[in-house]
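# mind folding the following:
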Amino acid sequence: MDKLSLLGLIVAVAGILGGQLIEGGSVSVLLQLAAFLIVIGGTVGAVMLQHPMKIFVMGIKMARWVFVTPQLDKQQLVYRFTAWGSAARKDGILALEGQIKSIDDPFLRKGLQLLVDGNSAEKIREVMEIDLNSYENLRWQAARVWESAAGYAPTIGILGAVLGLVHVMQSLGEPAKLGAGIAVAFIATIYGVGFANLVFLPIAGKLKILIGQQVSMREMVIDGLAMIANAENPHFIETKLKGYIS
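Below is the predicted model of the structure:
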């Protein structure tokens, strides 16, 4: 669990609600189901229209990364490649064949299979970089789902405010209701701007950071496999791969 992300969301919401209370307002006035449906429904519909189904679904699923961050143990990967390098120099590349079935990561498993099959470092790098580019491009598009939502939400919020004002105009014969009606109308704008800047944009930004970390991990895998294929000294492999650890 990423406690900082959870704390950040709590602080943001508490700050807004606390400010509303300090100004003498009521929290209940901010709870408007109609405004919520207009903003969220309109935003989701626009995002679905913009993105293919595969990208949209992946973007929604990746949102959990913000609070449950994928584990990246680069130090363990350094130990693994150093051990593989030692085994390959001592007993040959085929000594690593027994390791393939024990690997859960499809990317690493594919790379090790290419290595055991006797491919050169250049061929391994060529094949793995294609996989890496596909992985990176697909997930960057998925992260842009949240950027798109952040772009649409404020505009949909304005649309909700206009719809609310239209409703108010229809009640001009009841002046006592005009003030409350106008206040409710602008709640949609608050929802649009609030969701865009407190939820959608932060999620998109966090996902980009996490994708960058995943890509760096895969670049590390490619370098490790290439060095083993070139029969590099295990100490050199360890030293170079440690450069990926910040």
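# would you map the helices across the protein?
With DSSP state H, the ranges of helices along the chain come out as 3-22, 33-50, 53-62, 74-91, 106-116, 121-169, 178-185, 187-195, 201-229, 234-241.
# so which elements touch the longest one?
To tie it back to what came earlier, the one meant is helix 121-169. Counting contacts by 3 or more CB pairs under 8 Å, 6 or more residues apart in numbering; DSSP states H and E, helix 121-169 is packed against helix 33-50, helix 53-62, helix 106-116, helix 178-185, helix 187-195, helix 201-229. Quick note: C-beta positions are derived from backbone N, CA and C, even for glycine.
# so the closest residue to residue 201 other than its chain neighbours versus residue 202, what's the distance?
Excluding its sequence neighbours, the residue lying closest to residue 201 (CB to CB, 6 or more residues apart in numbering) is residue 150, at 4.4 Å. Applying CB to CB, to the nearest Å, the value for residue 150 to residue 202 is 9 Å.
# more neighbours: these two, which one.
Applying other CB atoms under 10 Å to residue 150 and residue 202 shows that residue 150 carries more neighbours, namely 23 against 18.
# ok, that one - contacts?
Shown in contact with residue 150 (CB atoms under 8 Å, 6 or more residues apart in numbering): 196-197, 200-201, 204.
# quick check, nearest of those residues to residue 159?
Nearest to residue 159 among the contacts of residue 150, counting by CB to CB, is residue 196 at 13.7 Å.
# ok, now which ones touch the closest one?
By CB under 8 Å, 6+ apart, residue 196 lies in contact with 149-151, 153-154.
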